[in-house]
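Participant: mind folding the following:
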Amino acid sequence: MTILQKTTKLLALTFFSASAFFSTAAEIATSPDTVRPLLNGMTVPAISVLDQAGKTVDLTATIKQKPTVLVFYRGGWCPYCNTQLAGLQQVEGEFAKLGYQIIAISPEAPLAVSKSQQSTKDVALSYTLLSDEKLSAAKAFGIAYYLDAKTTALYKGSYGINLTYDSTGQAVLPAPAVYVLNTKAEVQFSYVHINYKTRLQPELLLLAAKLAKG
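Facilitator: Purely as a prediction, here's the structure:
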């Protein structure tokens, strides 16, 4: 199957009417398979995140400045995320030619995000990385979920990963997701997968971005 055929099939599955579903934005799902992401045609609500200096960034206003490829990743500790971010860097110039900005968001603290910016798989990233330490973006996009206690203990104890916790004291992660947004902050294309090992290939995302612009 060619890239075009794969993308056409992917778009057929993802470009659907938002009226057929509803979003539970600002809630946290009990597991990855119960997340309720923003759907194509929906508008991103007002969201604030943090830059790498810890200063507040109006994410929605930033999105409205130019077409945006928005990526949610789990953290710089995740090898699958690092591969995805490095892959996006390889095609960043192609997105720029199309007029897109790339923004990647993680629930990690600003300092950790800064380290990912400087070197991910030995590659410095030229696009913007932001911190969603307060989980506002992941919740607003409907992709936040509670990490189960067993996995939390494994990540924290065995791997020494600094996770992000909500007010209940439970660890929260975003389901890995990619969104293509126009300057009205409307979702033109989305890809959310409950298996954190499965990521959209950058070439397919680039083609989806081209088709989204018409």
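
Participant: who touches the spatially most central residue of the chain in this structure?
Facilitator: Centroid-nearest residue in the chain, with Cα atoms, centre = their mean: Phe72, separated by 1.6 Å. For Phe72, the contacting residues are 104-106, 132, 137-138, 141, 143, 174-178, by Cβ atoms under 8 Å, 6 or more residues apart in numbering. In short, each C-beta sits where N, CA and C put it, glycine included.

Participant: need the buried ones from those selected in PyMOL.
Facilitator: Filtering the contacts of Phe72 down to the buried ones (16 or more other Cβ atoms under 10 Å) takes a single PyMOL command:
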select buried, resi 104+105+106+132+137+138+141+143+174+175+176+177+178
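
Participant: and the contacts of Phe72, which of them are in strands?
Facilitator: With strands taken from DSSP state E, the overlap with those comprises 104-106, 174, 177-178.

Participant: all strands of this protein, in order?
Facilitator: So, for the chain - with DSSP E - the strands run 48-50, 56-58, 68-72, 101-106, 128-131, 144-146, 164-165, 171-174, 177-181, 187-192.

Participant: what's the closest of these to Gln89?
Facilitator: Smallest distance to Gln89 across those (Cβ to Cβ): 8.7 Å, for strand 101-106.

Participant: tilt between that closest one and strand 68-72?
Facilitator: 20 degrees (axes from the mean of the first three to the mean of the last three Cα atoms, to 10 degrees).

Participant: pull the CA atoms of strand 101-106 into PDB?
Facilitator: The C-alpha coordinates for strand 101-106 follow below in PDB (Å, rounded to 0.1, in the frame of the first residue of the first chain):
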ATOM      1  CA  GLN A 101       4.500  25.700  12.900                       C
ATOM      2  CA  ILE A 102       5.200  22.500  14.900                       C
ATOM      3  CA  ILE A 103       4.500  22.500  18.700                       C
ATOM      4  CA  ALA A 104       5.200  19.500  20.900                       C
ATOM      5  CA  ILE A 105       3.800  19.400  24.400                       C
ATOM      6  CA  SER A 106       4.700  17.100  27.400                       C
END
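
Participant: from the ones in strands among the contacts of Phe72, pick the one nearest His193.
Facilitator: Ala177 (7.9 Å).

Participant: which residues touch that closest one?
Facilitator: By Cβ under 8 Å, 6+ apart, Ala177 lies in contact with 37, 71-72, 141, 143, 190-193.

Participant: how near is Leu88 to Pro45?
Facilitator: Between Leu88 and Pro45 the distance is 25 Å, computed by Cβ to Cβ, to the nearest Å.

Participant: those two: which is more packed in?
Facilitator: Neighbour count, other Cβ atoms under 10 Å: between Leu88 and Pro45, Leu88 has more, with 25 against 17.

Participant: excluding chain neighbours, what is closest to the more buried one?
Facilitator: Spatially, and ignoring its direct neighbours in sequence, Leu88 is nearest to Pro202 (5.5 Å; Cβ to Cβ, 6 or more residues apart in numbering).
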